[in-house]
Every structure is written in structure tokens, then in C-alpha cells.
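Asks: I would like to see how this sequence folds:
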Amino acid sequence: MVGSVDSETRSLRVIDGGGGTDDSSMADLGWNIRRSGWFDRVRKQLTPLPNLKVGWDGHGALPISVDTAFFAYQALNEVYRRGLPVPDISPMPDESIMVEWLVNGVEFTLEVHGIYDVTYIFEREGDDEPRCGMASQDFRNLDRFVCAVIEATREINAAA
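Replies: Numbers count the residues shown, from 1 in each chain. The predicted model follows:
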């Protein structure tokens with residue numbers, strides 16, 4: 001699937017693998033990589049972000065690009081594992097998107113700055129220092145952090 005952005009309407013023109021086209025609003029974006037309630041909730045958090053205007057935070061914050069929002073969705077598609085809770089997703093004033101899990105003393109944050117530009121921070125209660133790094137296309141090195149979030153979620157569910 002390939003897409004292009006109409007700069008006037010801020011909508012994405014999606015070209016499917018069969019050569020057809022689909023003009024869709026930001027509400028759709030062709031984000032049908034996986035269909036599940038998890039991805040629906042993620043998409044609902046990401047969809048409005050490219051519609052933010054300059055100064056959306058009251059202090060001159062820049063808007064989030066469609067490309068950054070779509071790449072955030074693709075990155076989440078890569079890190080998703082069964083049992084992973086839905087993250088909190090927030091726009092940042094520097095045009096980036098913060099994706100965050102805070103579960104039972106485990107904090108895992110992805111900051112999507114743009115296409116192929118992702119930083120991460122992982123910290124577990126009791127750790128001396130957080131683990132930080134960069135990811136671009138290959139998110140397999142984040143599996144251990146995703147698994148830690150899933151395990152922390154299981155511990156909470158088992159205790160309930």
C-alpha cells in the first residue's frame with residue numbers, strides 16, 4: 001500500500017496493492033494493517049493528531065504530520081504482541097508523538113519523531129538507570145521491553 005498526502009485537505013490518498021485508489025479522510029488512512037480492538041483504539045488516538053493546528057498547546061507547538069502519525073501506527077504494528085495493553089498516545093510540541101505504557105512499575109516509552117526516527121526509554125522500578133536507544137525500521141530489539149510490559153500486565157491481572 002502506498003499513499004500520498006493532499007496538502008490542502010490533509011487527507012491521504014491510498015493506493016492499494018491492486019492498483020486501485022481510495023480517497024480517505026484522516027479517520028481511515030488505510031490503517032487496516034491488523035484488525036482488532038487494540039488497533040482500533042490505537043487508531044482512534046492517532047487519527048486526530050495530524051489535524052492539530054500550529055499552537056495547539058497554547059504555546060506555539062507545531063502540528064503532527066500525517067507521515068509521522070502513519071509511521072507511529074506502523075511501528076506499533078511491529079511491536080504489538082498479544083497481551084500488550086493499549087498505550088497512551090500524546091502529541092508533543094516538537095512535532096513528535098509519544099507512545100507510553102506505565103504498568104505496575106514498568107515504564108516503556110516510544111517517541112516517534114518522524115519516519116524511521118524513533119527513540120525509546122525503558123525503566124523498571126528498582127533499575128539504577130533507564131535503558132534508552134534509537135529504532136528505525138527493525139523493532140525486534142524492543143521485544144524484551146514489550147514482553148516486560150506484558151508480564152507486568154499479567155501480574156496485575158493475576159492479583160485482581
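Asks: Near Ala75, how many other residues are there?
Replies: By the measure other CB atoms under 10 Å, the count of residues near Ala75 is 23. Bear in mind the C-beta positions are built from the backbone N, C-alpha and C, glycine included.
Asks: list the buried ones in the strand or helix carrying it?
Replies: Assigning secondary structure by DSSP states H and E places Ala75 in helix 66-79. Going by neighbour count (16 or more other CB atoms under 10 Å), the buried part of helix 66-79 is 66, 68-73, 75-76, 78-79.
Asks: same question, stretch 148-160
Replies: Of the residues in stretch 148-160, those with enough neighbours to count as buried (16+ other CB under 10 Å) are 148-150, 152-153.
Asks: Could you list which of those belong to strands?
Replies: Judged by DSSP state E, the subset of the buried residues of stretch 148-160 located in strands is empty.
Asks: Distance to Ile89 added to these, as CSV?
Replies: Conversion of these to CSV gives the following (distance: CB to CB, whole Å):
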residue, distance to Ile89
Ala148, 19
Val149, 15
Ile150, 18
Ala152, 19
Thr153, 17
